[in-house]
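Colleague: Fold the following, please.
(chains A and B)
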Amino acid sequence: MGLTSFAVDELGDVVFVELPEVGAKYEQGESICTVESVKASSAVYAPVGGEVIEVNSSVKESPEKLNKDPFGESWLVKLKVANHDHLKSLLSASDYEGLVEQSKH
Amino acid sequence: MGLVKYRDALELQAKLVECRRQGSISDTLLSLQHPPTFTVGKRRTVHNIVSSPEVLESIGAEVHYTERGGDVTFHGPGQAILYPIISLREAKLGARRYVEGLEDTMIKLCALHKIKAKGRMTKETGVWVENRKIGAIGVRISGGGIASHGLAFNINPDLNFYTHIIPCGIPDKEVTSLHKESFLQLPDEDPVTQQLIKCFIEVFGYEDVTWKTT
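Modeller: Model (predicted):
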(Lines give C-alpha, C1' and ligand atoms only; values in the text may rest on other atoms or scores of the structure.)
Protein backbone atom coordinates (compact mmCIF):
# COMPACT_ATOMS: atom_id res chain seq x y z
CA MET A 1 0.00 0.00 0.00
CA GLY A 2 1.11 3.56 -0.39
CA LEU A 3 -0.16 7.03 -1.24
CA THR A 4 -1.69 8.11 -4.54
CA SER A 5 -0.22 10.94 -6.59
CA PHE A 6 -3.27 13.05 -5.68
CA ALA A 7 -2.53 12.48 -1.99
CA VAL A 8 1.14 13.45 -2.24
CA ASP A 9 0.26 16.58 -4.21
CA GLU A 10 -2.20 17.59 -1.49
CA LEU A 11 0.46 16.97 1.15
CA GLY A 12 3.35 18.90 -0.34
CA ASP A 13 7.02 17.95 0.03
CA VAL A 14 7.30 14.96 2.34
CA VAL A 15 10.00 15.33 4.98
CA PHE A 16 9.35 12.36 7.26
CA VAL A 17 7.79 8.91 7.04
CA GLU A 18 7.16 6.67 10.03
CA LEU A 19 6.59 3.03 9.06
CA PRO A 20 5.16 0.16 11.12
CA GLU A 21 7.12 -2.81 12.46
CA VAL A 22 7.27 -5.93 10.31
CA GLY A 23 4.99 -8.51 11.89
CA ALA A 24 2.60 -5.96 13.41
CA LYS A 25 -1.09 -6.53 12.74
CA TYR A 26 -3.60 -3.84 11.83
CA GLU A 27 -7.37 -3.64 11.42
CA GLN A 28 -8.92 -2.10 8.34
CA GLY A 29 -9.02 1.68 8.85
CA GLU A 30 -6.48 1.70 11.66
CA SER A 31 -3.64 4.21 11.49
CA ILE A 32 -0.67 2.24 10.17
CA CYS A 33 1.93 4.90 9.40
CA THR A 34 2.53 8.66 9.47
CA VAL A 35 3.73 11.02 6.79
CA GLU A 36 4.90 14.56 7.53
CA SER A 37 5.09 17.50 5.15
CA VAL A 38 5.01 21.30 5.65
CA LYS A 39 4.82 20.85 9.43
CA ALA A 40 1.68 18.69 9.14
CA SER A 41 1.92 15.16 10.45
CA SER A 42 -0.75 13.02 8.73
CA ALA A 43 -1.92 9.55 9.68
CA VAL A 44 -2.19 6.95 6.90
CA TYR A 45 -4.77 4.16 7.23
CA ALA A 46 -4.61 0.47 6.51
CA PRO A 47 -6.99 -0.04 3.56
CA VAL A 48 -7.51 -3.64 4.62
CA GLY A 49 -6.77 -5.51 7.84
CA GLY A 50 -3.62 -7.58 7.81
CA GLU A 51 -0.09 -8.24 8.93
CA VAL A 52 2.89 -6.16 7.84
CA ILE A 53 5.27 -8.36 5.88
CA GLU A 54 7.60 -5.73 4.51
CA VAL A 55 8.20 -1.98 4.74
CA ASN A 56 10.02 0.25 2.29
CA SER A 57 13.01 1.53 4.24
CA SER A 58 14.36 3.53 1.30
CA VAL A 59 11.37 5.86 1.68
CA LYS A 60 12.15 6.25 5.37
CA GLU A 61 15.69 7.29 4.48
CA SER A 62 14.69 9.59 1.62
CA PRO A 63 11.11 10.74 2.28
CA GLU A 64 11.13 13.15 -0.66
CA LYS A 65 10.99 10.08 -2.95
CA LEU A 66 7.33 9.76 -2.05
CA ASN A 67 6.59 12.92 -4.02
CA LYS A 68 8.26 11.50 -7.13
CA ASP A 69 7.03 7.97 -7.64
CA PRO A 70 4.24 7.13 -5.20
CA PHE A 71 2.78 4.40 -7.43
CA GLY A 72 6.08 2.70 -8.13
CA GLU A 73 9.31 2.85 -6.17
CA SER A 74 7.85 4.69 -3.21
CA TRP A 75 5.36 2.13 -1.95
CA LEU A 76 5.09 2.18 1.83
CA VAL A 77 3.97 -1.13 3.30
CA LYS A 78 3.26 -4.68 2.10
CA LEU A 79 0.38 -6.28 3.95
CA LYS A 80 -0.69 -9.90 4.12
CA VAL A 81 -4.46 -9.50 3.80
CA ALA A 82 -6.35 -11.02 6.74
CA ASN A 83 -9.82 -10.93 5.24
CA HIS A 84 -10.24 -10.96 1.48
CA ASP A 85 -13.76 -9.53 1.80
CA HIS A 86 -12.14 -6.22 2.73
CA LEU A 87 -10.77 -6.01 -0.79
CA LYS A 88 -14.31 -5.71 -2.12
CA SER A 89 -14.81 -2.48 -0.17
CA LEU A 90 -11.92 -0.77 -1.95
CA LEU A 91 -12.31 1.59 -4.90
CA SER A 92 -10.98 0.72 -8.34
CA ALA A 93 -8.50 3.13 -9.92
CA SER A 94 -11.22 4.58 -12.16
CA ASP A 95 -13.70 4.99 -9.26
CA TYR A 96 -10.98 6.79 -7.31
CA GLU A 97 -10.18 9.08 -10.19
CA GLY A 98 -13.88 9.93 -10.42
CA LEU A 99 -13.88 10.88 -6.74
CA VAL A 100 -10.81 13.06 -7.16
CA GLU A 101 -12.43 14.91 -10.08
CA GLN A 102 -15.58 15.50 -8.04
CA SER A 103 -13.64 16.81 -5.09
CA LYS A 104 -12.07 19.48 -7.23
CA HIS A 105 -15.41 21.24 -7.72
CA MET B 1 -9.31 30.69 26.99
CA GLY B 2 -6.48 32.48 28.81
CA LEU B 3 -3.43 30.59 30.06
CA VAL B 4 -3.87 26.83 29.59
CA LYS B 5 -1.33 24.16 30.49
CA TYR B 6 -0.09 22.25 27.47
CA ARG B 7 -1.29 18.87 28.69
CA ASP B 8 -4.79 20.23 29.37
CA ALA B 9 -4.94 21.71 25.88
CA LEU B 10 -3.84 18.37 24.37
CA GLU B 11 -6.60 16.53 26.24
CA LEU B 12 -9.21 19.06 25.18
CA GLN B 13 -8.07 18.84 21.57
CA ALA B 14 -8.23 15.03 21.61
CA LYS B 15 -11.85 15.18 22.83
CA LEU B 16 -12.78 17.79 20.25
CA VAL B 17 -11.09 15.84 17.45
CA GLU B 18 -13.19 12.79 18.35
CA CYS B 19 -16.41 14.86 18.48
CA ARG B 20 -15.58 16.50 15.18
CA ARG B 21 -14.88 13.14 13.57
CA GLN B 22 -18.26 11.89 14.71
CA GLY B 23 -19.91 15.06 13.50
CA SER B 24 -21.32 16.04 16.88
CA ILE B 25 -19.63 19.44 16.65
CA SER B 26 -18.77 21.69 13.73
CA ASP B 27 -15.33 23.23 13.06
CA THR B 28 -14.05 24.68 16.33
CA LEU B 29 -11.20 27.09 17.05
CA LEU B 30 -9.42 27.29 20.40
CA SER B 31 -7.67 30.56 21.20
CA LEU B 32 -5.33 30.50 24.18
CA GLN B 33 -1.83 31.00 25.54
CA HIS B 34 0.46 28.54 27.30
CA PRO B 35 2.70 29.00 30.34
CA PRO B 36 6.39 28.63 29.35
CA THR B 37 6.52 25.33 27.45
CA PHE B 38 8.90 23.74 24.99
CA THR B 39 7.41 21.19 22.60
CA VAL B 40 8.94 18.53 20.37
CA GLY B 41 7.21 17.27 17.19
CA LYS B 42 6.56 13.76 15.91
CA ARG B 43 10.07 13.46 14.50
CA ARG B 44 11.40 13.73 18.08
CA THR B 45 14.18 16.19 17.18
CA VAL B 46 15.28 16.46 20.80
CA HIS B 47 18.79 17.43 19.76
CA ASN B 48 17.36 20.89 19.04
CA ILE B 49 16.76 21.48 22.75
CA VAL B 50 20.06 23.02 23.73
CA SER B 51 19.63 23.39 27.49
CA SER B 52 19.44 20.53 29.95
CA PRO B 53 16.15 19.48 31.62
CA GLU B 54 17.45 20.92 34.90
CA VAL B 55 18.02 24.34 33.36
CA LEU B 56 14.58 24.30 31.77
CA GLU B 57 12.98 23.32 35.06
CA SER B 58 14.84 26.12 36.84
CA ILE B 59 13.33 28.71 34.49
CA GLY B 60 9.87 27.30 35.09
CA ALA B 61 9.37 25.71 31.69
CA GLU B 62 7.79 22.34 30.85
CA VAL B 63 8.78 20.08 27.95
CA HIS B 64 6.21 18.07 25.98
CA TYR B 65 6.50 15.48 23.26
CA THR B 66 3.71 15.75 20.70
CA GLU B 67 2.31 14.07 17.60
CA ARG B 68 2.21 17.25 15.55
CA GLY B 69 4.47 17.93 12.59
CA GLY B 70 7.30 20.41 12.87
CA ASP B 71 10.42 20.62 15.00
CA VAL B 72 11.13 22.06 18.46
CA THR B 73 9.44 25.27 19.50
CA PHE B 74 8.57 27.47 22.46
CA HIS B 75 5.16 28.59 23.68
CA GLY B 76 4.61 31.14 26.42
CA PRO B 77 2.70 34.18 27.65
CA GLY B 78 2.56 36.89 25.01
CA GLN B 79 2.25 34.36 22.20
CA ALA B 80 -1.21 33.89 20.67
CA ILE B 81 -2.05 30.28 19.96
CA LEU B 82 -4.85 29.13 17.67
CA TYR B 83 -5.79 25.45 17.59
CA PRO B 84 -8.39 24.97 14.84
CA ILE B 85 -10.10 21.59 15.12
CA ILE B 86 -11.50 21.25 11.64
CA SER B 87 -12.53 18.64 9.15
CA LEU B 88 -10.13 19.07 6.24
CA ARG B 89 -12.19 16.57 4.31
CA GLU B 90 -15.35 18.67 4.59
CA ALA B 91 -13.40 21.82 3.83
CA LYS B 92 -11.85 20.06 0.81
CA LEU B 93 -8.39 21.11 1.96
CA GLY B 94 -5.21 19.11 1.58
CA ALA B 95 -2.48 19.44 4.19
CA ARG B 96 -0.46 21.85 2.11
CA ARG B 97 -3.35 24.23 1.38
CA TYR B 98 -4.43 24.17 5.01
CA VAL B 99 -0.93 25.06 6.22
CA GLU B 100 -0.76 27.83 3.59
CA GLY B 101 -4.04 29.16 4.98
CA LEU B 102 -2.52 29.25 8.48
CA GLU B 103 0.47 31.15 7.08
CA ASP B 104 -1.86 33.59 5.32
CA THR B 105 -3.78 34.16 8.56
CA MET B 106 -0.63 35.41 10.28
CA ILE B 107 0.61 37.32 7.22
CA LYS B 108 -2.75 39.14 7.12
CA LEU B 109 -2.44 40.07 10.79
CA CYS B 110 1.04 41.44 10.22
CA ALA B 111 -0.24 43.51 7.31
CA LEU B 112 -2.88 45.07 9.61
CA HIS B 113 0.07 46.36 11.64
CA LYS B 114 1.95 47.52 8.57
CA ILE B 115 4.47 44.70 8.79
CA LYS B 116 5.46 42.90 5.62
CA ALA B 117 5.60 39.20 6.35
CA LYS B 118 5.88 36.18 4.11
CA GLY B 119 5.32 32.44 4.06
CA ARG B 120 5.69 29.64 1.48
CA MET B 121 9.38 29.27 2.34
CA THR B 122 10.41 25.83 1.12
CA LYS B 123 11.40 23.57 4.01
CA GLU B 124 10.87 26.48 6.43
CA THR B 125 7.12 26.59 6.95
CA GLY B 126 6.02 29.50 9.08
CA VAL B 127 5.77 33.27 8.83
CA TRP B 128 8.84 35.44 8.42
CA VAL B 129 9.66 39.13 8.54
CA GLU B 130 12.75 39.22 6.33
CA ASN B 131 14.69 36.35 7.90
CA ARG B 132 13.21 36.63 11.39
CA LYS B 133 10.46 34.19 12.35
CA ILE B 134 7.31 35.70 13.80
CA GLY B 135 4.87 32.81 13.50
CA ALA B 136 5.16 29.03 13.71
CA ILE B 137 2.95 26.19 12.56
CA GLY B 138 2.61 22.57 13.63
CA VAL B 139 -0.36 20.48 12.59
CA ARG B 140 -1.60 16.98 13.26
CA ILE B 141 -4.03 15.29 10.86
CA SER B 142 -5.84 12.40 12.49
CA GLY B 143 -8.36 9.81 11.42
CA GLY B 144 -11.07 11.12 9.11
CA GLY B 145 -8.96 14.11 8.08
CA ILE B 146 -9.42 16.09 11.29
CA ALA B 147 -6.73 18.71 11.92
CA SER B 148 -5.55 19.73 15.38
CA HIS B 149 -2.71 21.78 16.86
CA GLY B 150 -2.22 24.84 14.63
CA LEU B 151 -0.33 28.10 14.82
CA ALA B 152 1.61 30.20 17.31
CA PHE B 153 2.04 33.93 16.69
CA ASN B 154 4.49 36.07 18.68
CA ILE B 155 2.74 39.22 19.88
CA ASN B 156 5.12 40.02 22.73
CA PRO B 157 6.56 36.90 24.39
CA ASP B 158 9.88 36.90 26.26
CA LEU B 159 12.18 36.06 23.37
CA ASN B 160 14.99 35.01 25.73
CA PHE B 161 13.26 31.66 26.12
CA TYR B 162 14.23 30.84 22.55
CA THR B 163 17.92 30.77 23.50
CA HIS B 164 17.32 27.35 25.04
CA ILE B 165 16.47 25.74 21.71
CA ILE B 166 17.35 25.78 18.04
CA PRO B 167 13.85 26.94 17.02
CA CYS B 168 12.26 24.69 14.40
CA GLY B 169 15.71 23.17 13.87
CA ILE B 170 16.90 26.26 11.97
CA PRO B 171 20.14 27.41 13.61
CA ASP B 172 21.00 30.70 12.01
CA LYS B 173 17.73 32.60 11.96
CA GLU B 174 16.29 34.94 14.59
CA VAL B 175 12.91 34.80 16.24
CA THR B 176 10.91 38.01 16.47
CA SER B 177 7.58 39.40 17.61
CA LEU B 178 4.96 41.97 16.64
CA HIS B 179 6.26 44.25 19.35
CA LYS B 180 9.81 44.01 18.10
CA GLU B 181 8.89 44.62 14.46
CA SER B 182 6.34 47.35 14.88
CA PHE B 183 7.14 51.05 15.03
CA LEU B 184 3.55 51.90 15.75
CA GLN B 185 1.79 52.04 19.08
CA LEU B 186 0.36 48.53 19.49
CA PRO B 187 -2.97 47.73 21.14
CA ASP B 188 -3.03 45.23 24.01
CA GLU B 189 -2.71 41.51 23.35
CA ASP B 190 -6.43 40.77 23.55
CA PRO B 191 -7.47 42.99 20.63
CA VAL B 192 -4.53 41.65 18.58
CA THR B 193 -5.65 38.09 19.32
CA GLN B 194 -9.19 39.00 18.25
CA GLN B 195 -7.75 40.36 15.02
CA LEU B 196 -5.83 37.11 14.49
CA ILE B 197 -9.03 35.10 14.87
CA LYS B 198 -10.82 37.40 12.43
CA CYS B 199 -7.98 36.91 9.92
CA PHE B 200 -8.42 33.14 10.26
CA ILE B 201 -12.17 33.48 9.65
CA GLU B 202 -11.56 35.58 6.56
CA VAL B 203 -8.82 33.38 5.10
CA PHE B 204 -10.83 30.20 5.50
CA GLY B 205 -14.13 31.78 4.52
CA TYR B 206 -16.23 30.96 7.57
CA GLU B 207 -19.60 32.65 7.59
CA ASP B 208 -21.61 31.48 10.53
CA VAL B 209 -19.36 31.99 13.57
CA THR B 210 -20.27 31.62 17.25
CA TRP B 211 -17.91 33.23 19.76
CA LYS B 212 -17.60 31.75 23.24
CA THR B 213 -15.46 32.74 26.18
CA THR B 214 -14.40 30.27 28.84
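
Colleague: Please look at B:G60 and B:P36 and confirm they touch.
Modeller: Yes: at 5.7 Å, B:G60 and B:P36 qualify as touching, with contact defined as CB atoms under 8 Å. C-betas here are computed from N, CA, C, even on glycine.

Colleague: between these two, who's got more neighbours?
Modeller: B:P36 (19 against 11; other CB atoms under 10 Å in any protein chain shown).

Colleague: Contact partners for the more buried one?
Modeller: B:P36 sits next to B:59-62, B:74-77, B:161 when contact means CB atoms under 8 Å, 6 or more residues apart in numbering or on different chains.

Colleague: All the helices of the chain, residue numbers only.
Modeller: Using chain A. A:5-11, A:57-61, A:65-68, A:85-88, A:93-103 (DSSP state H).

Colleague: nope, chain B
Modeller: Under the criterion DSSP H, helices of chain B are mapped to B:6-22, B:53-58, B:88-91, B:95-112, B:178-181, B:189-204.

Colleague: A:D9: what's it in contact with?
Modeller: Shown in contact with A:D9 (CB under 8 Å, 6+ apart): B:94, B:96.

Colleague: for the one 10 residues further on, same thing?
Modeller: When contacts are counted by CB under 8 Å, 6+ apart, A:L19 is found next to A:33, A:55-57, A:59-60, A:76-77.

Colleague: With mean pLDDT added, can I get the helices of chain A in TSV?
Modeller: Output for the helices of chain A, formatted as TSV (pLDDT from 0 to 100):
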stretch	mean pLDDT
helix A:5-11	85
helix A:57-61	89
helix A:65-68	88
helix A:85-88	82
helix A:93-103	82
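
Colleague: My guess is A:V52 contacts A:E30. True?
Modeller: No: in this structure A:V52 lies outside contact range of A:E30 using CB under 8 Å: 11.6 Å.

Colleague: and B:Y206, how many neighbours does it have?
Modeller: Neighbour number of B:Y206 under other CB under 10 Å is 15.

Colleague: and what of B:Y98?
Modeller: Using other CB under 10 Å, B:Y98 has 24 neighbouring residues.

Colleague: Run through the residues of chain B sitting next to chain A.
Modeller: B:41-43, B:67-70, B:92, B:94-99, B:122-123, B:125-126, B:137-143, B:147 (CB under 8 Å from any CB of the partner chain).

Colleague: Go through these and flag which are in strands.
Modeller: Among the residues of chain B next to chain A, DSSP state E puts B:137-142, B:147 in strands.

Colleague: Farthest-apart pair in those, please.
Modeller: B:I137 and B:S142 (16.6 Å; CB to CB).

Colleague: if you count what's nearby, which of A:V52 and A:E30 comes out ahead?
Modeller: A:V52 (21 against 13).

Colleague: still on that earlier bit, may I ask which two of the contacts of A:L19 are separated the most?
Modeller: Greatest spatial distance among those (CB to CB): A:C33 and A:S57, at 12.4 Å.

Colleague: Tell me which of the two has more neighbours.
Modeller: Ranked by neighbour count (other CB under 10 Å), A:C33 and A:S57 place A:C33 first, with 23 against 10.

Colleague: Find the nearest non-adjacent residue to whatever residue of chain B ends up closest to chain A, please.
Modeller: Proximity to chain A, evaluated over chain B using CB to the nearest CB, is greatest for B:G94 at 2.6 Å. The spatially closest residue to B:G94, leaving aside those adjacent along the chain, is A:E10, at 2.6 Å (CB to CB, 6 or more residues apart in numbering or on different chains).

Colleague: was I right about the one you found contacting B:Y98?
Modeller: No: between A:E10 and B:Y98 there is no contact under CB under 8 Å: 9.4 Å.

Colleague: Determine which residue of chain B is most distant from the centre point.
Modeller: The centre of chain B is farthest from one residue, B:E54, which by CA atoms, centre = their mean lies 25.9 Å away.

Colleague: Okay, and the beta partners of A:V55?
Modeller: Note on A:V55: beta-bridge partners A:V77, judged by DSSP bridges.

Colleague: Many thanks, have a good one.
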